[in-house]
Structure formats: structure tokens, C-alpha cells
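Compute the structure for the input listed below.
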Amino acid sequence: MALGGQVLKMLCSGVEYTITGDDWDSIDWLNGKAPITKQQFEAGFAQYDAWKVEQEAAKAAAKAELLERLGITADEAKLLLA
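The predicted structure is shown next:
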């Protein structure tokens with residue numbers, strides 16, 4: 001299950017806030033205005049896992065594309081970093 005901070009990171013990239021728990025009332029919007037609603041925040045918990053999988057898949061695809069452009073395998077790349 002996602003944490004409140006993870007949900008906010010997904011929904012409010014670039015927004016300044018602090019959060020001390022996993023509920024709406026524990027969020028302190030540092031600019032004074034919430035960019036999302038309480039309902040959007042609460043729905044974000046159900047959306048987070050799918051979003052995270054999407055992010056990881058995009059990162060893996062970008063890595064695979066880079067390795068292909070370089071003409072090396074993942075194992076060869078690991079050797080270069082060792």
C-alpha cells in the first residue's frame with residue numbers, strides 16, 4: 001500500500017508540501033493552496049501501484065534503448081561500471 005508522501009509525489013510533482021501521516025489533514029501546503037482535492041488524494045492511493053509499475057517500465061525501456069544504441073548488453077554495461 002502506498003504512503004501519503006508517495007501519492008503526493010505522484011499527483012503533485014514540483015509542489016511544496018510537508019506531510020506527517022497518510023491522511024489529508026496531515027498535509028501542509030507550503031504555498032497555502034492545495035493543488036488537488038481531498039478526493040483526488042484519496043483516490044491516488046488506489047492509482048499509485050499502477051503508476052509505479054508504469055514508471056519502472058518506462059525506465060527499463062529507456063535503459064534498454066540506450067544499451068541498444070550503444071551496442072552493448074546489460075552485462076557488458078555492468079562490467080563498465082564495476
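
The residue nearest the centre of the chain - nearest residue in space that isn't next to it in sequence?
Taking C-alpha atoms, centre = their mean, the centroid of the chain lies closest to residue 10, which sits 5.0 Å from it. Nearest non-adjacent residue to residue 10, counting by C-beta to C-beta, 6 or more residues apart in numbering: residue 51, 5.3 Å away. All C-beta atoms are positioned from the backbone trio N, CA, C, and that covers glycine.

list the contacts for the residue of the chain most remote from its centre?
Note on the chain: the largest C-alpha distance from the chain mean falls to residue 71, namely 29.5 Å (C-alpha atoms, centre = their mean). By C-beta atoms under 8 Å, 6 or more residues apart in numbering, the contact set of residue 71 is empty.

Tell me, what's the model's pLDDT at it?
In this model, residue 71 is scored at 94, pLDDT.

Pretty sure the residue nearest to residue 10 sits against residue 9.
No. If you go by C-beta atoms under 8 Å, residue 51 and residue 9 don't touch, sitting 9.9 Å apart.

Doesn't the residue nearest to the centre of the chain belong to a helix?
Yes. Under DSSP: H, G, I helix; E, B strand; the rest coil, residue 10 sits within a helix.

measure it to residue 47 for me?
7 Å (C-beta to C-beta, to the nearest Å).

do residue 40 as well
Taking C-beta to C-beta, one finds residue 40 at 10 Å from residue 47.

Over to residue 62?
22 Å.

now swap in residue 77 and tell me
33 Å.

For the helix or strand containing residue 76, buried residues please.
Per DSSP states H and E, residue 76 falls inside helix 74-81. Going by neighbour count (16 or more other C-beta atoms under 10 Å), nothing in helix 74-81 comes out as buried.
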